[in-house]
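**Q** For reference, the sequence and a predicted model appear below.
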Amino acid sequence: MQEIRTFSAPSEDALWQQVAADMASQPDLLEYAARLVLPDFEAVLHLDIDLGGGFEGGSALTTLTALVPPATTLRFALHEQDWVHEIGKLFGMEDAQLGYPEIDDAFMVKTNDAPQLTQLLAAPETRITLVRHPTARITLAPADEDEPPYPGALVLRFEQDEALTDPIVLRDIHWLLHTLTQPAGPVTF
């Protein structure tokens, strides 16, 4: 079983200094898992890199998952606009339009409350960070009952089929999730 490292700090700066140092000390990051704990936020980072071999191609997945209060009613999924979804639109599938061209053009948006999601993404810094990852999937939904790291809980999840191993990039994504889970709106670091 993969070791899950735990890092706890009073601020983003202190937290990411610890994580960056730990990642730099690893001989490889083929499998890496870390619980990232701030006073008002917790997330789990998971890197899974398979180099493949022989005739197999490799694969990579970067996931950050954060707990969300169970009383939260908003649900959403943002994922890459691709040709499959464009064809689906021709057959009547629709995605929500949030009124932010950079988001509406980059992502397919599914939500149960478009006005609330629009408000959640109101800060330009949030949208800028989101658009830096146009191939990501960001969802706010219950996890499956057997799905780690928070089985059955309501989670905000960022997934990208890429090995994101740069602590600066990972911190940016962590900040995005932290911001999206704060009821008072965007936070800065």
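**A** Thanks, I have the structure now.
**Q** Show me the beta-bridge partners of Arg35.
**A** In this structure, Arg35 bridges to Thr6, Val44 when assessed by DSSP bridges.
**Q** do you know how far Ala71 is from Asn112?
**A** Plainly put, Ala71 is 15 Å away from Asn112 if you go by CB to CB, to the nearest Å. Where C-beta positions appear, they are placed from N, C-alpha and C, glycine not excepted.
**Q** With neighbour numbers in mind, choose between these two.
**A** Legend: neighbour count by other CB atoms under 10 Å for Ala71 and Asn112, higher for Asn112 (12 against 6).
**Q** which ones are touching that one?
**A** By CB atoms under 8 Å, 6 or more residues apart in numbering, Asn112 lies in contact with Thr73, Leu74, Arg75, Phe76.
**Q** what's the answer for Phe76, then?
**A** Neighbours of Phe76 in contact, by CB under 8 Å, 6+ apart: Val109, Lys110, Thr111, Asn112, Leu117, Ile138, Thr139, Leu140.
**Q** and the first one, what element?
**A** When secondary structure is defined by DSSP states H and E, Val109 falls within strand 107-111.
**Q** about what we covered before: write a ChimeraX command that selects only the buried members of the contacts of Phe76.
**A** Selection of buried members from these for ChimeraX, criterion 16 or more other CB atoms under 10 Å:
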select :109,110,111,117,138,139,140
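**Q** and which of the contacts of Phe76 is nearest to Pro27?
**A** Ile138 (30.9 Å; CB to CB).
**Q** Next one: the closest one relative to Ser25, how far apart?
**A** 30 Å.
**Q** likewise Ala77?
**A** Distance from Ala77 to Ser25, by CB to CB: 35 Å.
**Q** Of these two, give the one with the bigger neighbour count.
**A** Neighbour count, other CB under 10 Å: between Ala77 and Ser25, Ala77 has more, with 16 against 7.
**Q** No more questions from me, cheers.
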